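[1] Starting from these lines, generate the structure:
(4 chains)
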Protein chains: 2
Amino acid sequence: MRELDAKDRDILGILSKEARIPLKTLAGRIGLSRSATSERVASLEKSGVIRGYRADIGQMDKGLICAFLLVTLIRTPSIGILDQLARYPEVRRVSSVSGQLDLIVEVEVPSIDRLNTLRDLIASHGGVEDLTTAIVLRRDIERAVD
Amino acid sequence: MRELDAKDRDILGILSKEARIPLKTLAGRIGLSRSATSERVASLEKSGVIRGYRADIGQMDKGLICAFLLVTLIRTPSIGILDQLARYPEVRRVSSVSGQLDLIVEVEVPSIDRLNTLRDLIASHGGVEDLTTAIVLRRDIERAVD
DNA sequence: CGGCGTAACCGACGCTTTGCCGGATGCCCG
DNA sequence: CGGGCATCCGGCAAAGCGTCGGTTACGCCG
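    Below is the predicted model:
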């Protein structure tokens, strides 16, 4: 299953909001039998389209500090920096972007010290021309899905 | 149930990564009986600590353009801009940050035109001093939740 | 000190949901 | 036309779940 049809999209749309909905209900909503729905969901899981199921926890602070690192590279793509970033578990997301910036790195660290360490490690990479740190003070808006 | 004890936090930690784990397994991991675990989970759901369950969809962004809008405000906090941002469903997340920037707005739009419209609307807000757009070309790293 | 009420736990029961199977249907292509 | 393949359905056994009564632990107060 590589191509997603309309029913697969329906399944994803529903499961992305109610991951624990019974298969019977899901099947009824998309207009298929339970077993067919079950097979589709299993296929979506196995092929990696559905990566997992997560409980949405309200205001679970965890005491972690979030920050954006806005990176400008000397030349793009800079070999090796992605591999280096991938080594740090604190790195949650890395996006290649157009414009003055090249990379937006989102991190979650337990302390400002750790953030500084991470920042210095990245800044000292040969390919990094400029690096701006923006610590998240507050999440003003956060929408899960849709 | 207002106060969360250690076992509640264990439950949340596990469910936030594997929301569809069977109760029996969950009970075994936290060291309680299945029924006691069931009651705790139900209580966490009813009290709103668990807001829901979501499927984690990989590369669902089919056709949607993601972008970061890096906003500098004339004075912070700028009254009204958060309300205005909240009105657009394309706005996925808004973070108040420290540093030269003030706001990082993450959006998902169906087209570049729509992105431009959104950008102009935000830029024309009285409180906005500067606005940089960074369109996401590629997600190099994306980790769900630890 | 002892009795009582509440809260949380356990094990068991019955219903619901799931995973899996055989068989039917539709479609492609030689 | 007729296999091969993918997808669908219905049904069955197994595993899941919510709920119940009974038990234990703990704090309160006479």
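[2] Tell me who's in contact with A:Val91.
    When the contact criterion is C-beta atoms under 8 Å, 6 or more residues apart in numbering or on different chains, the partners of A:Val91 are A:Leu85, A:Val105, A:Glu106, A:Val107, A:Leu118, B:Ile141, B:Arg143. The way it works is simple: take the backbone N, C-alpha and C, and place the C-beta from them, glycine included.
[3] tell me which residues form a beta bridge with it?
    Beta-bridge partners recorded for A:Val91 (DSSP bridges): A:Val107.
[4] So it versus DNA strand C, what's the distance?
    33 Å (C-beta to the nearest atom of the strand, to the nearest Å).
[5] Could you report the pLDDT at that residue?
    Per-residue confidence (pLDDT) for A:Val91: 93.
[6] Could you find the closest non-adjacent residue to A:Arg20?
    With sequence-adjacent residues excluded and distances taken as C-beta to C-beta, 6 or more residues apart in numbering or on different chains, A:Arg20 is closest to B:Tyr53, at 4.5 Å.
[7] Tell me the secondary structure at that neighbour.
    Look at B:Tyr53: counting by DSSP: H, G, I helix; E, B strand; the rest coil, its state is strand.
[8] Which secondary structure state does A:Ser96 sit in?
    strand.
[9] cool, and the one 3 residues further on?
    The three-state label for A:Gly99, taken from three-state DSSP, comes out as coil.
[10] Figure out how far the top strand by length along chain A is from the centre of its chain.
    Ranked by residue count and defined by DSSP state E, the top strand of chain A is strand A:128-142. The chain centre lies 16 Å from the centre of strand A:128-142; the measure is C-alpha atoms, centre = their mean, to the nearest Å.
[11] quick one on the thing from earlier: include pLDDT, distance to DNA strand D and neighbour count when you put the contacts of A:Val91 into JSON lines, please.
    Listed next are the contacts of A:Val91 as JSON lines, based on pLDDT from 0 to 100; distance: C-beta to the nearest atom of the strand, whole Å; neighbours: other C-beta atoms under 10 Å in any protein chain shown:
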{"residue": "A:Leu85", "pLDDT": "92", "distance to DNA strand D": "37", "neighbour count": "23"}
{"residue": "A:Val105", "pLDDT": "96", "distance to DNA strand D": "37", "neighbour count": "25"}
{"residue": "A:Glu106", "pLDDT": "95", "distance to DNA strand D": "33", "neighbour count": "22"}
{"residue": "A:Val107", "pLDDT": "95", "distance to DNA strand D": "34", "neighbour count": "26"}
{"residue": "A:Leu118", "pLDDT": "93", "distance to DNA strand D": "38", "neighbour count": "20"}
{"residue": "B:Ile141", "pLDDT": "86", "distance to DNA strand D": "31", "neighbour count": "16"}
{"residue": "B:Arg143", "pLDDT": "71", "distance to DNA strand D": "26", "neighbour count": "14"}
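[12] And the furthest pair within those?
    Farthest pair in those (C-beta to C-beta) is A:Leu118 and B:Arg143. Separation: 14.8 Å.
[13] pLDDT of stretch A:41-58, averaged?
    In this model, stretch A:41-58 has an average pLDDT of 90.
[14] okay, how far is it across it, tip to tip?
    One end of stretch A:41-58 sits 27 Å from the other (C-alpha to C-alpha, to the nearest Å).
[15] So for it, what gets flagged as buried?
    Within stretch A:41-58, the residues scored as buried using 16 or more other C-beta atoms under 10 Å in any protein chain shown are A:Val41, A:Leu44, A:Glu45, A:Val49, A:Ile50, A:Gly52, A:Tyr53, A:Arg54, A:Ala55, A:Asp56, A:Ile57.
[16] a markdown table for the residues you listed, including distance to B:Leu137?
    A markdown table is the format used below for these (distance: C-beta to C-beta, whole Å):
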| residue | distance to B:Leu137 |
| --- | --- |
| A:Val41 | 31 |
| A:Leu44 | 26 |
| A:Glu45 | 28 |
| A:Val49 | 22 |
| A:Ile50 | 25 |
| A:Gly52 | 26 |
| A:Tyr53 | 29 |
| A:Arg54 | 27 |
| A:Ala55 | 32 |
| A:Asp56 | 29 |
| A:Ile57 | 31 |
